[in-house]
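# Okay, here's the prediction I keep looking at, along with the sequence it came from:
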Amino acid sequence: MSRTEDTEQGGSRTGDTEHGGSFLVVEDLHAGYGDVRVLHGIGLRVGRGEICAILGPNGAGKTTLLRALCGMVRGRGTVRLDGTALTGRSPDAVARLGVGHVPEGRGTFMPLTVEENLRLGAYTRRDRAAVQADLDRVYGYFPVLKSRLGQAAGSLSGGEQQMLAIGRALMLRPRLLLLDEPSLGLAPLVTRELFGIVRSINEEERTTVVVVEQNAHLALDIAGQAHVLETGRIVLSGSAARIRADEQVAQSYLGYRI
Ligand SMILES: Nc1ncnc2c1ncn2[C@@H]1O[C@H](COP(=O)(O)OP(=O)(O)OP(=O)(O)O)[C@@H](O)[C@H]1O
Ligand SMILES: [Mg+2]
């Protein structure tokens, strides 16, 4: 585990070589809203097929970081996905490069049915025949969605809506999946199931995942690397196992027990 002041890029580099190079590279990323500066020089690297957890207290800038990665918030600095610069691109262009974003609050279209929401997730795709196969793939991960496919998204339970939001992002066939607080408002059992499915997606499709979570324990369970964000800066980076092992250190940064 390393304090970021000790590392060159503001993030741990361990894992890069183990995981076949850095798939996602973020260097000196600054972002905010108008005059409000939120991120102050974020640096991190995520290996291909890795799960990276972003932890930190409320208001630390976790959501803003994901928004900057997917182009919803304009950032200054470097964001590269598999060597391609993402900085300065529109959210649509970033999605077309294979970045699926499941935003805080899920972003499902409530009056539309489950299947209509999933089909919307495939909007960047031209291979219409394959879209049906991908619907089946999503229903494989989330069988409950198949049994609700004609139901309005707004009438789903919280857990089902989160599954739908992730399913919709999967319809893009993302190379990178950004998940913002998937456990928010969900019962522990549902959350655990959801994280199990995220792990399956990662293992079966080699999808690289960046997950923002308040529930540090769960996130550290599935993640390889983790970074703790505090007032727009990464203050702690390391392997998830080491951060978990040193609960006291993590707690002093996070402000809560993990
Ligand atoms: N649309 C916005 N306009 C102006 N300021 C914003 C906006 N969204 C977020 N902020 C500010 O940016 C800072 C970081 O917010 P952000 O939502 O990224 O934090 P977070 O780590 O995701 O917090 P939480 O754990 O509560 O979700 C906060 O001070 C917040 O008030
Ligand atoms: Mg947030």
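Thanks, I have the structure now. What you are looking at is a predicted structure, and each value in this text was computed from that prediction instead of being measured. Ligands and ions are numbered 1, 2, ... in the order given.

# alpha carbons only for contacts and neighbour counts from here, please
Noted.

# which residues in the stretch 1-150 of the chain form strands?
Using DSSP state E, counting those that start in this stretch, the strands of the stretch 1-150 of the chain run over 22-33, 36-47, 51-55, 75-81, 84-85, 99-102.

# Return the residues of the protein in contact with ligand 1.
Proximity of the chain to ligand 1 is assessed by C-alpha under 6 Å from any ligand atom, with 33, 38, 57, 58, 59, 60, 61, 62, 63, 64 identified as the residues in range.

# And the strands of the stretch 1-150 of the chain: which comes nearest residue 211?
When the strands of the stretch 1-150 of the chain are ranked by proximity to residue 211, the top entry is strand 51-55, at 4.9 Å, counting by C-alpha to C-alpha.

# The closest one: partners in the sheet, and parallel or antiparallel?
strand 208-212 (parallel), strand 225-230 (parallel) (DSSP bridges).

# so what does the top helix by length along the chain touch, helix or strand wise?
Ranked by residue count under DSSP state H, the longest helix found in the chain is helix 188-205. Counting contacts by 3 or more C-alpha pairs under 8 Å, 6 or more residues apart in numbering; DSSP states H and E, the secondary-structure elements packed against helix 188-205 are helix 158-170, helix 216-222.

# ok, and what's touching the last one?
Helix 216-222 is touched from outside by 51, 53, 55, 192, 195, 199, 211-213, 226, 240-241, 243-244, 258, with contacts defined as C-alpha atoms under 8 Å, 6 or more residues apart in numbering.

# 7 Å - rerun?
With C-alpha atoms under 7 Å, 6 or more residues apart in numbering as the contact definition, helix 216-222 has outside contacts at 51, 53, 55, 199, 213, 240, 244, 258.

# Does the residue nearest to the spatial centre of the chain have any beta-bridge partners, and if so which?
A centroid search over the chain (C-alpha atoms, centre = their mean) returns residue 178, at 2.3 Å, as the residue closest to the centre. When assigned by DSSP bridges, residue 178 has beta-bridge partners residue 101, residue 210.

# who's in contact with it?
66, 100, 101, 102, 209, 210, 211.

# would you turn these into CSV with pLDDT and neighbour count?
Output for the contacts of residue 178, formatted as CSV (pLDDT from 0 to 100; neighbours: other C-alpha atoms under 10 Å):
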residue, pLDDT, neighbour count
66, 98, 23
100, 96, 26
101, 96, 28
102, 97, 25
209, 98, 27
210, 98, 24
211, 98, 25
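
# Closest one of those to residue 112?
Proximity to residue 112 was ranked across these by C-alpha to C-alpha; first place goes to residue 102, at 17.3 Å.

# Now that closest one: closest residue in space that isn't a chain neighbour?
residue 179 (5.0 Å; C-alpha to C-alpha, 6 or more residues apart in numbering).

# Kindly provide the distance from the one you found to residue 161.
When distance is defined by C-alpha to C-alpha, to the nearest Å, residue 179 is 14 Å away from residue 161.

# where does the stretch 1-150 of the chain dip in pLDDT?
The model of the stretch 1-150 of the chain has pLDDT under 70 over residues 1-21.
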